[in-house]
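Trainee: Requesting a structural model of the entry that follows:
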Amino acid sequence: MTTRRSTLHMLGAAAGALLLPPTALAAPAAAGPEPLKDIAARKGMRFGNALGKVGGPAYRELMARECNLIVAENETKWPALQPRPGPHQFGVPDEMFAWAKKEGMALRGHTLIWQSPKWLPAWVNAYDFGAQPKQAAERLLAEHIKAVCGHFGKDIISYDVVNEAVNPADGALIENVFSQRLGAVGEIDLAFRLAHEHAPHAQLVYNDYMGPGAGSAKHRAGVLKLLQDLRARDTPVHALGLQSHIGDALPPANTAAGSEWRKFLDEVTGMGYDLLITEFDVNDRKLPVDFAQRDAGVAALARDYLDLTLSYPRCRDFLLWGMADHVNWLQTWKEAARPDGKAQRPAPFDDQLRAKPLRDAIAKAMQDMPQRAA
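Mentor: Reported below is the predicted structural model:
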């Protein structure tokens, strides 16, 4: 397993290679590396990516080569589908999904409900729930979920039904206009029951960004409590989505924080839930500016996280949140900015679509993970 402690050895080896004569570096021409989707498939896993509006034909060609699973980055969220009252607008995701189906990719849905009011349509936040607010809230949720699930039908095999319902600061559930009328757990329970009613074939996922570090302890505890409450209600939740926007100091399995992450995953799977890595990338803001050192550090962080997380055979889907540096959301997220102002290098391919050490780290982590059941 590659860890941060071995990164210096990796960098030293790379530096030594630069001193070799050109003939010593020559190698026979070969076809490209085995696609990541094929490596994953041998172990019973799907491998995919989030596709947004940007990227271009070459980027889509890269995705077609490497992926057999796709999710829309923003285009199936409620504000994008229904920015104002009236019919949902499916044109953009329909185009994306038509291309993906042509390339033989499976489809995920993201997300039916994003819990924070910030990510609901403005008109929903301003909605007049009238004299019977509970019934009005139930009706509005039902209309939205029925419209989305009905439109995509059996094409979408897995939905992030509810996204980020837990406040990381204290582990409490985030309130919105629906939870204020239905109760927080009641709202989430209803969303999953509606999704199961209108997409009975689909895997239904609660998706969140809790991580292994000590600063995420309350977040993890809040997610566990939510999952326990939903299990007690027999809510049709099938899996926990691990967003996996990793970075900073991610722990190897043999550290205290690594042990806490394993304990968390043990508790989730012990309740009967499956796991998915839904939004993987690596924030490099605390790594050196030098590309070689930074890329080696990113790869080491990835191996630490993936070796532990992929050791769970119940984790059967692995999606990136942008395959190439220039299309990754971290480039425009202010909280992810590097102190030196340089662009992030969080993805397995650079802005010229050339493979980086992170791609190799992902491939090796999947090669080394246990076989998933058929």
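Trainee: ok, which stretches of the stretch 151-300 of the chain are helices?
Mentor: All helices of the stretch 151-300 of the chain, identified by DSSP state H, counting those that start in this stretch, fall at 179-182, 184-198, 217-232, 256-270, 291-309.
Trainee: quick one, which of these is packed in tightest?
Mentor: helix 291-309 (a mean of 23; mean count of other C-beta atoms under 10 Å). The C-beta positions use only the backbone N, C-alpha and C, and glycine is treated the same way.
Trainee: how much does the very next helix or strand once past it deviate in direction from helix 256-270?
Mentor: Next along the chain after helix 291-309, taking DSSP states H and E as the criterion, comes strand 315-320. Angle of strand 315-320 versus helix 256-270, following axes from the mean of the first three to the mean of the last three C-alpha atoms, to 10 degrees, is 120 degrees.
Trainee: now strand 315-320 against helix 291-309, angle please.
Mentor: Using the same axes, to 10 degrees: strand 315-320 against helix 291-309 is 160 degrees.
Trainee: Mind giving me the packing neighbours of strand 315-320?
Mentor: Secondary-structure packing of strand 315-320 (3 or more C-beta pairs under 8 Å, 6 or more residues apart in numbering; DSSP states H and E): strand 46-51, strand 69-72, strand 274-283.
Trainee: mind exporting the helix or strand just after it as CSV, just the C-alpha atoms?
Mentor: Following strand 315-320 in sequence order, the next helix or strand is helix 357-368 (DSSP H and E). Taking Å, rounded to 0.1, in the frame of the first residue of the first chain, the C-alpha atoms of helix 357-368 are listed here in CSV:
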residue,chain,number,x,y,z
PRO,A,357,-0.2,9.1,-10.7
LEU,A,358,-3.7,9.3,-9.2
ARG,A,359,-5.0,7.2,-12.0
ASP,A,360,-2.5,4.5,-11.3
ALA,A,361,-3.3,4.7,-7.5
ILE,A,362,-7.0,4.1,-8.3
ALA,A,363,-6.2,1.2,-10.6
LYS,A,364,-4.0,-0.5,-8.1
ALA,A,365,-6.5,0.0,-5.2
MET,A,366,-9.2,-1.7,-7.3
GLN,A,367,-6.8,-4.5,-8.3
ASP,A,368,-6.0,-5.1,-4.7
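Trainee: Just the buried residues of helix 357-368, please?
Mentor: 357-366 (16 or more other C-beta atoms under 10 Å).
Trainee: Including distance to Asp290 and pLDDT, could those go into JSON lines?
Mentor: Below are the buried residues of helix 357-368 laid out as JSON lines (distance: C-beta to C-beta, whole Å; pLDDT from 0 to 100):
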{"residue": "Pro357", "distance to Asp290": "13", "pLDDT": "98"}
{"residue": "Leu358", "distance to Asp290": "16", "pLDDT": "98"}
{"residue": "Arg359", "distance to Asp290": "19", "pLDDT": "98"}
{"residue": "Asp360", "distance to Asp290": "18", "pLDDT": "98"}
{"residue": "Ala361", "distance to Asp290": "18", "pLDDT": "98"}
{"residue": "Ile362", "distance to Asp290": "22", "pLDDT": "98"}
{"residue": "Ala363", "distance to Asp290": "24", "pLDDT": "98"}
{"residue": "Lys364", "distance to Asp290": "23", "pLDDT": "98"}
{"residue": "Ala365", "distance to Asp290": "24", "pLDDT": "98"}
{"residue": "Met366", "distance to Asp290": "28", "pLDDT": "98"}
